[in-house]
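Undergrad: Coordinates only, no sequence provided:
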């Protein structure tokens, strides 16, 4: 079982605590993505798994072996860096062969592994080139090839696509997905702040914030059943709309009164003690629709219309605290700035969070 | 005092004014010579083109004249002098060159120069690189760097005077005041007249230049080391390279261009080394170098412009190719990134 197990992993730089006890169990062959806003500690956590950062507290196991004090090269990992980190003075071939040469592998074995990695990544015509003679996408493929040559148990990716332009990013993302399929026994850990990468690549996503895990789960699980307000707002684009509300009725279903006076009933059970408490009512932009009958969720004036063709984004001011409410309506819409519109939503797709931001479970 | 300041300020102002006047006046003349008639478009465009062609040369003119007078003319004059006798009056053909090939002291100087070339640039670059790496990792690194860089601010003659005290020898029963002799005596050795020990004394003189130039090499290489992407080092750590392997296989190759520039810059300096030898030994005890020999022949014993011109040309011939390569390399370093 070449999994990665983290037990109460902590990191501090002097007095500054960066990670506050991370518990995580990554199974062999799993593709796990760490996401979170800048400074949440996701890159630090990855670098601790790689061994480039020391571990302040807790225990880390790779393939069942305690690796806290094991140097990076003995952990059975390979890492792909955001900046590619190719050795600029070496050819593509030498870049991929460097690690094996250090490990004193035989010439034939080195050649075999480099050529097979180059074959997988379509780099064979470029083996004699220096990195500076390659495009960004090719450089990142070389970096991935160098990692493959190490024959790692665990593959680490540190924002590998963020230096590429949009088109290449999609192409390379698909290549990484294929690579993952081709290496079913290799565990992959991937850090990104791009939720599209996270949603499309991951078996499981780990959402981090301020040095803590907010939620771990499959991509759609995070989307449909976020544990708290942070995850709800972080997954999905545009972010989930949040409207301040007060709980007025509890029981099998819950009724809340939204700011602006409208009452909404949600199929969420709450305890009687919750009655009268402040809460946050959440609905995703894509779950909103334009109300046809008298049943509607809220009413508002459109302040901005963004027509993207496939969808139309409507911005409604005044209901939420600071940000406008956004509605994502499929297709092209005849809506103009200043129109008063009514919006409805499927009650099953509504979310409710308590004052601390925790989700009321359905 | 006041009057000197006033006249200096006056000269500066007048100089700037005269320059501005030159540019303005020369441009005016250019416009008068190539007028731009309003009614003839063809003539106007031809003259505008001509103006654009001539103007740079006009503005560069004074600087080019000064360059020719102070650089090109002396080279040509030296070349001509090398075929004349000691007074520069009579043509003697190649006899000065023939003399140089056979002269024992000239050969000694060539040998010593080669020795300097072999040791000093290598030692400066090596120590500079090692110190740059070591000081990068310690909290008092910047202080150490400042101390090592400081000799750069001392003139070669001043540095030689300092080192004269280090190598100082007192005869008879006098107390030894030289640092080196003090150390030697502390360990039970006998004091020596260090700078008069043939062959080895060359190295004692080289130590002075190394002491001065290591700071230069260190500063340049330290900047280059900081330019190495940290990720390439981390990637090498993951690849399993040891500290030694990372230094030689990852870091040094990435700053190779800078190392070459530092090396050649010091090489050029070494080829011209003069002050240190003049101050320390004046070429006695087999420490003569070319620049000092040239100076000797030119200004001592009545002077011999022919022979010293030959030595000057030899130095120039040695420096020029390295200089060209050095400039190309430096340009490449700057343009490469």
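TA: That came through fine. No experiment lies behind these values; they were computed from the predicted model shown.
Undergrad: Residue A:53 falls within a strand, correct?
TA: No - read with DSSP: H, G, I helix; E, B strand; the rest coil, residue A:53 is coil and lies in no strand.
Undergrad: since we're on it, how many residues are nearby?
TA: 18 (other CB atoms under 10 Å in any protein chain shown). (C-beta placed from N, C-alpha, C; glycine too.)
Undergrad: The closest residue to it other than its chain neighbours: neighbour count?
TA: Spatial nearest neighbour of residue A:53, chain neighbours left out: residue A:47 (4.2 Å); criterion: CB to CB, 6 or more residues apart in numbering or on different chains. Around residue A:47 there are 19 other residues, counting by other CB under 10 Å.
Undergrad: and what of residue A:286?
TA: Count around residue A:286 with other CB under 10 Å applied: 18.
Undergrad: And residue B:264, by the same measure?
TA: 19.
Undergrad: where does the chain dip in pLDDT?
TA: Here I'm looking at chain A. A:1-2, A:318, A:320-322, A:362 (pLDDT under 70).
Undergrad: nope, chain B
TA: Looking at chain B by pLDDT under 70, you get B:335-337.
Undergrad: domain ranges for it?
TA: If you go by automatic domain parsing, the domain ranges for chain B are B:2-81, B:95-336.
Undergrad: care to break chain A down by domain?
TA: Split by automatic domain parsing, chain A gives A:4-234, A:242-354.
Undergrad: Need the distance between the two termini of the shortest one.
TA: Translated: domain A:242-354. Using CA to CA, to the nearest Å, one end of domain A:242-354 lies 12 Å from the other.
Undergrad: gap between it and the chain center?
TA: 26 Å (CA atoms, centre = their mean, to the nearest Å).
Undergrad: for stretch B:239-250, same thing?
TA: 34 Å.
Undergrad: who are the neighbours in contact with residue B:217?
TA: B:124-125, B:127-129, B:262, B:266 (CB atoms under 8 Å, 6 or more residues apart in numbering or on different chains).
Undergrad: in the stretch 1-150 of chain A, which spans are helices?
TA: A:42-50, A:92-102, A:107-120, A:136-149 (DSSP state H, counting those that start in this stretch).
Undergrad: Save these as TSV, and put in distance to residue B:180 too.
TA: Shown next, in TSV, are these (distance: least, CB to CB, whole Å):
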stretch	distance to residue B:180
helix A:42-50	50
helix A:92-102	44
helix A:107-120	52
helix A:136-149	53
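Undergrad: Quick check: which of those helices is nearest to residue B:279?
TA: helix A:92-102 (49.8 Å; CB to CB).
Undergrad: For residue 160, which residues are in contact?
TA: Because you didn't say which chain, this covers chain A. Contacts of residue A:160 by CB under 8 Å, 6+ apart are A:80-82, A:140, A:143-144, A:172, A:176, A:190.
Undergrad: that's the other chain; I wanted chain B
TA: B:208, B:275-276, B:279-280.
Undergrad: Please tell me how far it sits from chain A.
TA: Residue B:160 is 40 Å from chain A, where distance means CB to the nearest CB, to the nearest Å.
Undergrad: any idea what that residue is structurally, helix, strand or coil?
TA: Taking three-state DSSP, the label given to residue B:160 is helix.
Undergrad: since we're on residue A:136, how many residues are nearby?
TA: 15.
Undergrad: Once you drop chain neighbours, what's closest to it?
TA: Residue A:136 sits nearest to residue A:164 (CB to CB, 6+ apart), 5.4 Å away.
Undergrad: Confirm the one you found sits in a strand?
TA: No - assignment of residue A:164 by three-state DSSP gives coil, placing it outside any strand.
Undergrad: Any figure for the gap between residue A:145 and chain B?
TA: Taking CB to the nearest CB, one finds residue A:145 at 13 Å from chain B.
Undergrad: Name all residues that make contact with that residue.
TA: Here residue A:145 is in contact with A:92, A:96, A:114, A:117-118, A:120-121, A:123 (CB under 8 Å, 6+ apart).
Undergrad: Residue B:56: which of the residues you listed is nearest?
TA: residue A:92 (45.3 Å).
Undergrad: Quick check, the closest one in contact with residue A:132.
TA: No - the criterion here is CB atoms under 8 Å, and residue A:92 misses it with residue A:132 at 11.2 Å.
Undergrad: Report the closest residue of the stretch 1-150 of chain B relative to chain A.
TA: residue B:139 (14.0 Å; CB to the nearest CB).
Undergrad: secondary structure element for that residue?
TA: In the assignment (DSSP states H and E), residue B:139 maps to no helix and no strand.
Undergrad: for the one 4 residues further on, same thing?
TA: Using DSSP H and E, the secondary-structure element containing residue B:143 is helix B:141-149.
Undergrad: hmm, back to that, residue A:220: which of the helices of the stretch 1-150 of chain A is closest?
TA: Here helix A:42-50 is closest among the helices of the stretch 1-150 of chain A (CB to CB), at 20.8 Å.
Undergrad: what packs against the closest one?
TA: strand A:4-13, strand A:16-26, strand A:31-35, strand A:57-62, strand A:77-80, strand A:154-158, strand A:187-191 (3 or more CB pairs under 8 Å, 6 or more residues apart in numbering or on different chains; DSSP states H and E).
Undergrad: try 6 Å
TA: strand A:154-158, strand A:187-191 (3 or more CB pairs under 6 Å, 6 or more residues apart in numbering or on different chains; DSSP states H and E).
Undergrad: What residues of the helix or strand following the first one count as buried?
TA: So that's strand A:154-158. Per DSSP H and E, the first helix or strand lying C-terminal to strand A:154-158 is helix A:166-182. Across helix A:166-182, burial judged by 16 or more other CB atoms under 10 Å in any protein chain shown covers A:168-169, A:172-173, A:175-176, A:179-180.
Undergrad: Figure out how far helix A:166-182 is from the centre of its chain.
TA: With CA atoms, centre = their mean, you get 16 Å for helix A:166-182.
Undergrad: Okay then, goodbye and thanks.
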